[in-house]
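A.B. asks: I'll drop the sequence and a predicted model, then ask my questions.
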Amino acid sequence: MSELNNIALKILAKGKGILAADESTGTMTKRLDAVNVSSTTKNRLLFRETLFSSESMKNCVGGVILYDETIKQISSSKKTIPELIATSGSVTGIKVDTGAKVLAGSTEEKITEGLDGLRERLKEYYKLGARFTKWRGVYSISDKYPSKLAILSNAHALARYASLVQESNMVPVVEPEVLMDGNHSAEDCFNKTSEVINKCFEELNLHKIDLTGIILKPNMVLPGTNSGKKISNEEVAKLTLKCLKENVPKSVPGIAFLSGGQSDIEATENLNLINKYNDTNFIMSYSYGRALQQSALKFWSKDINNIKGTQAVFNHRANMCSLAAQGKWSKELEEK
Ligand code: 13P
C-alpha cells in the first residue's frame with residue numbers, strides 16, 4: 001500500500017471525516033459578521049482553536065483543512081496549530097487554491113486559480129506539517145452552464161494541482177463542486193455532476209495521478225435551491241450513489257462530501273442514507289464546513305469565552321456526522 005493511500009485511509013478511518021475550517025479571511029469575516037463577532041486574527045484563532053481542541057476530534061475528525069493564516073498560528077497552549085491537531089491523532093490539511101476567478105471566454109463562470117508557485121508553496125506547507133491539501137473547482141447549473149469550457153478548464157487545473165501535490169508526498173482532496181443555487185431539477189444536477197466528475201477523472205488519468213492516494217470531495221445530487229422541487233432524502237442518497245458508481249474509478253479509496261449550503265441535519269441525514277445504501281467499496285464520509293461549524297459558531301458568538309459550551313455543541317454535531325458516516329445516525333440520537 002502506498003504512503004499516500006495510508007494517509008487517505010487514516011483521514012477517513014472508521015467513523016472519521018474531515019473538518020473543513022479553511023475559509024479564507026474574506027469568507028470567515030462574512031461568517032463572523034453574520035453573528036456579530038469582530039473578525040480579528042485573535043478571534044478567528046480562538047474559534048478555530050476551540051474546535052480543534054474538542055473531545056470529538058479524537059474519534060470523529062481524521063483531518064482538518066486549514067487556511068494559510070491558521071496553519072502558521074500558535075495556539076494558547078503554545079503548540080503550533082498542526083501540533084494541536086496531531087494531539088487528537090488527526091491529520092493537517094491545507095487549502096492551496098487561491099480562489100475562483102472569472103473564466104475568460106465565459107464571463108459568468110469561474111476558474112479556480114493558484115497553480116503559479118504552487119510547487120514552492122507545497123514544500124513550505126509540508127514543512128509546517130500538512131499531509132493533505134484541498135483545491136475547489138466550482139460550477140453552476142443553468143440552461144447554458146456548466147459550459148464545456150468550464151468543465152474542461154477546471155478539470156485540467158484540478159489534475160495539475162493533484163499532480164504537484166502527489167509529487168510533494170501529500171494527498172490531494174479533489175473538489176469539483178456543482179453548486180446548489182438555481183432552479184434546476186435533481187436530474188439536471190445528476191447529469192451535470194456526472195459530466196463534471198467524469199471529465200475530472202479523464203484529466204487525472206492523463207496526468208498519471210495515483211488514484212489510490214486521492215480523496216474525492218463532491219456535492220450530493222440535489223435539486224436547485226430555487227427550483228421548488230423537493231425530493232426525498234432517500235432519492236438524494238440513491239441518485240448520489242448512482243452518480244458516483246458510474247463515474248468514479250474503483251481505485252479511489254474514499255469520498256468525502258461537502259455540505260454546500262444544506263442545513264446541518266439535512267447533510268447528516270443524507271450522508272447516513274448514502275451509507276445505508278452504499279453497495280460500493282468507497283468509504284463515504286464528510287468534509288463539511290458549514291454543516292459542522294454553524295451551530296458551534298452561533299453558540300460561541302453569544303459568549304466567545306465559553307469554550308466548554310461551544311465544544312459541547314461541536315461535539316454533538318461531529319458525533320452525529322460520525323454516526324452518519326457509518327449509517328448509524330437516527331433522529332432520536334440527533335434530538336437526545
Ligand atoms: P461546506 O461544507 O460549507 O460546503 O464547505 C466545504 C468546503 O470545503 C467548500 O470548499
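C.D. replies: Arrived safely.

A.B. asks: and the closest residue to the ligand within the chain, what's its pLDDT?
C.D. replies: Nearest to the ligand, among the residues of the chain, is Gly289, at 2.8 Å (Cβ to the nearest ligand atom). The way it works is simple: take the backbone N, C-alpha and C, and place the C-beta from them, glycine included. Here the pLDDT value assigned to Gly289 is 98.

A.B. asks: quick check: closest non-adjacent residue to it.
C.D. replies: Counting by Cβ to Cβ, 6 or more residues apart in numbering, Gly289 lies nearest to Ala20, which is 4.0 Å off, once chain neighbours are set aside.

A.B. asks: contacting residues for the residue of the chain closest to the ligand?
C.D. replies: The contact partners of Gly289, taken as Cβ atoms under 8 Å, 6 or more residues apart in numbering, are 20-23, 258-259.

A.B. asks: go again with 7 Å.
C.D. replies: By Cβ atoms under 7 Å, 6 or more residues apart in numbering, Gly289 lies in contact with 20, 23, 259.

A.B. asks: returning to what we had before: wait, the residue nearest to Gly289 touches Ile65, no?
C.D. replies: Yes. Using Cβ atoms under 7 Å, Ala20 makes contact with Ile65 at a distance of 4.8 Å.

A.B. asks: buried set for the one helix or strand His316 maps to?
C.D. replies: His316 is part of helix 307-324 when elements are defined by DSSP states H and E. For helix 307-324, the buried set under the neighbour-count rule, 16 or more other Cβ atoms under 10 Å, comprises 307, 310-311, 313-324.

A.B. asks: likewise stretch 167-187?
C.D. replies: 168, 170-180, 182, 184-186.

A.B. asks: pick out the most distant pair among these.
C.D. replies: By the measure Cβ to Cβ, Ser168 and Ser185 form the most distant pair in these, at 40.7 Å.

A.B. asks: the helix holding His316 vs the ligand: in contact?
C.D. replies: No. Applying Cβ under 6 Å from any ligand atom, one finds helix 307-324 separated from the ligand by no less than 10.6 Å.

A.B. asks: which residues sit against that helix?
C.D. replies: With Cβ under 7 Å, 6+ apart, helix 307-324 has contacts from 15-17, 50-51, 54-56, 59-61, 264, 268, 271-272, 275, 286, 288, 292, 295-296, 299-300, 329, 333-334.

A.B. asks: now do it: distance to the chain's middle.
C.D. replies: Offset of helix 307-324 from its chain centre (Cα atoms, centre = their mean, to the nearest Å): 17 Å.

A.B. asks: after it, which helix or strand is next? Please name it.
C.D. replies: Under the assignment DSSP H and E, the closest C-terminal helix or strand after helix 307-324 is helix 331-335.
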